[in-house]
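A.B. asks: Build the 3D model from these lines:
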Amino acid sequence: MNIYRNWFLASRPWSFSMTAISVSVGGALAALDGYFSWGLYLLTLVGGICLHAATNLINDYYDVKSGVDTREVSTAQYRPHPLLEGKLSTKSVLKAAYFLYGAATIIGLFLAVTRGWHLLWIGLIGTLASLTYTAPPLKYKYSALGEVSVFLMWGPLMVMGSYFVQRQAFSASAFWISLPFGMLVALVLLANNIRDVSQDRSKGILTLPIVIGQRNGLRLYIALVVLAYLGIIGMSIAGPLYLWSLIVLLSLPLALRLLRQMMRQVPIDADAQTAQLDTAFGVLLVVSLLLEGLF
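C.D. replies: Now for the predicted structure:
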């Protein structure tokens with residue numbers, strides 16, 4: 001049983017809520033526009049989670065292999081890291097990552113053939129972004145581009161891709177609605193990088209807070225949280241969202257508490273706390289779209 005637990009933890013399943021929310025937002029918007037298939041939704045979700053899990057595994061593989069992740073890093077202090085702890089071998093983790101890429105590819109090709117070849121380009125962009133995130137020669141996460149990639153992947157790319165699977169068309173509304181949630185997902189990485197400035201600099205890693213400065217990184221973090229909520233308010237009043245979407249503001253106390261803590265002292269689990277915020281924000285956004293459909 002321990003081996004299954006180790007693999008389960010290595011995939012970082014708690015992060016899959018981000019993928020589930022992005023796929024659900026796209027699917028809910030498609031339903032509001034007139035079409036929704038549970039089968040297509042579930043297939044898209046499984047494919048997205050396979051790609052997400054593969055990304056997590058290959059990210060850990062290269063971080064450990066290159067010495068970026070050690071037992072002393074902040075992340076290892078508050079979450080399980082089976083590869084770093086020696087409970088899984090690097091070779092097996094790499095094989096598992098490629099297996100998951102294969103599963104995601106099969107699902108993606110099926111959807112591209114049955115729903116439209118535009119999905120092939122979305123899948124290729126997502127897979128390449130995943131593979132080169134920490135892998136040489138690009139390893140663009142360490143060239144201060146990680147936040148941009150995460151924003152695009154879990155924002156416009158995944159939401160619009162999920163919408164296209166259902167409707168076989170793209171939607172400007174889906175694009176605009178994807179932006180606030182995409183920003184919050186990117187802030188999970190930004191919080192991690194703000195916390196680890198000294199550690200990353202000592203390893204020769206270039207992250208956004210190193211480029212613009214830790215204080216400016218924190219200012220950017222605060223500004224993007226504010227912008228995400230303002231975006232929801234503006235789109236709920238003027239469109240393309242609905243007044244129901246103002247229920248996203250129920251997560252505002254969580255955001256304010258996190259911002260106060262970040263300004264006082266960046267916590268060791270800043271990324272995990274930010275992930276809790278974007279989960280609350282995203283779930284409420286999905287619920288608001290469901291309520292609009294019901295009423």
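A.B. asks: Please pull out the lowest mean pLDDT helix or strand from this structure.
C.D. replies: None of the helices or strands of the chain scores lower by mean pLDDT, DSSP states H and E than helix 74-78, at a mean of 64.
A.B. asks: Assign a three-state SS to Gly86, would you?
C.D. replies: coil (DSSP: H, G, I helix; E, B strand; the rest coil).
A.B. asks: what does Pro136 give?
C.D. replies: Once three-state DSSP is applied, Pro136 turns out coil.
A.B. asks: residues in contact with Leu189?
C.D. replies: Going by Cβ atoms under 8 Å, 6 or more residues apart in numbering, Leu189 touches Gly146, Glu147, Val150, Asp271. To be clear about C-beta, it is placed using only N, CA and C from the backbone, and glycine gets the same treatment.
A.B. asks: for Phe170, that is, sorry about that
C.D. replies: His118, Met160, Tyr163, Phe164.
A.B. asks: Next one, pLDDT for it please.
C.D. replies: Per-residue pLDDT puts Phe170 at 97.
A.B. asks: which stretches of the chain form helices?
C.D. replies: In the chain, the helices defined using DSSP state H lie at 2-10, 16-32, 38-65, 74-78, 90-115, 118-131, 146-152, 158-167, 172-195, 197-202, 208-212, 214-238, 252-264, 270-294.
A.B. asks: Pick the most deeply packed of the ones you listed.
C.D. replies: Burial of these is given as mean neighbour count (mean count of other Cβ atoms under 10 Å); helix 158-167 ranks first at a mean of 25.
A.B. asks: just checking, what packs against that one?
C.D. replies: When contacts are defined as 3 or more Cβ pairs under 8 Å, 6 or more residues apart in numbering; DSSP states H and E, helix 158-167 sits against helix 16-32, helix 38-65, helix 90-115, helix 118-131, helix 172-195.
A.B. asks: I'd say Met183 and Leu152 touch.
C.D. replies: No: the pair Met183 / Leu152 is not scored as a contact, 10.8 Å apart, by Cβ atoms under 8 Å.
A.B. asks: The helices of the chain: lowest mean pLDDT?
C.D. replies: helix 74-78 - the lowest mean pLDDT of these, at a mean of 64.
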